[in-house]
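Student: model the structure of this input:
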Amino acid sequence: MVVLTLGVSVAAFALVSLSPLDPLQANIGQTALGSMSAEQIARLQGYWGVGQPPVERYLNWLSGFLRGDLGVSLLYRQEVSRVIAEKMAHSVWLMGFAWCASGVLGVALGMIAGARRGSLSDRLIQGGCLLVSGTPSFWIALMALIVFAVWLGWFPIGLSVPIGMEAAYVSLADRLHHAALPALVLSITGIPNIALHTREKMVEVLESDYVLFARARGERTAQIVLRHGLRNVLLPAITLQFGAIGEIFGGSTLVEQVFSYPGLGQAAVAAGLGSDLPLLMGISVISAGIVFGGNLAADLLYGVVDPRIRKGGARR
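Tutor: Okay, here's the model as predicted:
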């Protein structure tokens with residue numbers, strides 16, 4: 001995990017270094033530079049590392065990152081770590097709910113489709129999953145916004161808190177109300193992948209010899225699905241679910257743009273469009289670390305779901 005995160009930081013820093021943007025013009029502006037003396041410009045060039053070797057500039061950035069100093073955001077005029085913490089606080093509601101809901105609903109729908117293979121419910125679930133997986137997430141977000149926020153008026157049109165309300169008066173119910181529709185859209189886009197894979201695994205389990213023996217003993221289909229199918233489909237489901245953290249991040253970027261939700265995804269888009277390189281670097285590395293942490297958690301949970309994977313489990 002540490003090696004992968006360092007690799008992402010090196011790749012991101014290399015791409016930023018290849019950018020044609022001048023850090024002095026991006027931070028100060030051409031007009032301000034024209035009114036400065038040569039000594040002031042030289043001092044600023046030394047501060048921003050202009051002319052330094054890329055390896056030296058990367059090591060300086062890495063040492064600051066390890067100390068918690070990610071630089072100053074050009075757009076927000078605040079420390080990058082503070083901006084990321086504020087935006088992450090908004091996105092946790094969104095991505096956390098979407099991640100949990102997509103996993104639970106995906107496994108449930110996949111088990112139902114696999115247990116009732118060839119039935120109407122199986123065809124409906126497969127058709128719905130294929131339709132959603134082939135539809136862009138921003139289009140689903142736009143349709144949900146038009147139907148549920150504009151036409152029906154069940155949800156607010158955008159933002160994470162009511163417009164014009166002071167922060168001290170914003171309640172938890174207000175935040176959940178604003179995050180509900182974007183989280184629902186984001187969870188819908190994450191269901192098809194895990195549902196279709198769970199269905200295939202369930203079909204494989206139901207065609208196995210031990211399930212045939214269970215049927216011969218008189219076990220009902222519901223007992224077989226819960227006793228034999230659930231544990232066998234959980235392992236690949238955990239792999240897909242924790243691996244989908246990256247997809248949740250990517251989908252949240254588009255969904256947050258549609259709903260004007262001030263989360264981490266919208267901040268990443270704003271940093272890219274506004275040439276805020278310190279903020280873009282910080283978001284890239286921290287989001288990569290979260291994704292790799294999810295994969296690590298999946299590896300650790302394998303032994304809980306299947307004791308045979310634990311060291312020495314096979315011998316015991």
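Student: how about low-confidence regions in the stretch 1-150 of the chain?
Tutor: 21-37, 40-41, 44-51 (pLDDT under 70).
Student: the helices in it, which residues?
Tutor: Using DSSP state H, counting those that start in this stretch, the helices found in the stretch 1-150 of the chain span residues 2-17, 23-27, 30-34, 38-48, 54-66, 80-115, 120-133, 137-144.
Student: ok, now the stretch 151-300 of the chain?
Tutor: 172-206, 209-216, 221-224, 230-243, 245-258, 264-273, 277-305.
Student: let me know which of these is the nearest to residue 86.
Tutor: helix 264-273 (8.8 Å; C-beta to C-beta). To be clear about C-beta, it is placed using only N, CA and C from the backbone, and glycine gets the same treatment.
Student: pLDDT (mean, whole number) over the closest one?
Tutor: Mean pLDDT, helix 264-273: 84.
Student: coming back round to it: most tightly packed of the helices of the stretch 1-150 of the chain?
Tutor: Counting by mean count of other C-beta atoms under 10 Å, helix 80-115 has the highest mean neighbour count of the helices of the stretch 1-150 of the chain, with a mean of 20.
Student: what sits up against stretch 232-247?
Tutor: Residues from elsewhere that reach stretch 232-247 (C-beta atoms under 8 Å, 6 or more residues apart in numbering): 99, 102-103, 106-107, 110-111, 114, 189-190, 193-194, 197-198, 201-202, 205, 290-291, 294-295, 297-298, 301-302, 305-306.
Student: repeat that with 7 Å
Tutor: 99, 103, 107, 111, 190, 193-194, 197-198, 201-202, 205, 290-291, 294-295, 297-298, 301-302, 305-306 (C-beta atoms under 7 Å, 6 or more residues apart in numbering).
Student: in a markdown table, list the helices of the stretch 1-150 of the chain along with distance to residue 209.
Tutor: Listed next are those as a markdown table, based on distance: least, C-beta to C-beta, whole Å:
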| stretch | distance to residue 209 |
| --- | --- |
| helix 2-17 | 40 |
| helix 23-27 | 65 |
| helix 30-34 | 75 |
| helix 38-48 | 67 |
| helix 54-66 | 54 |
| helix 80-115 | 17 |
| helix 120-133 | 23 |
| helix 137-144 | 41 |
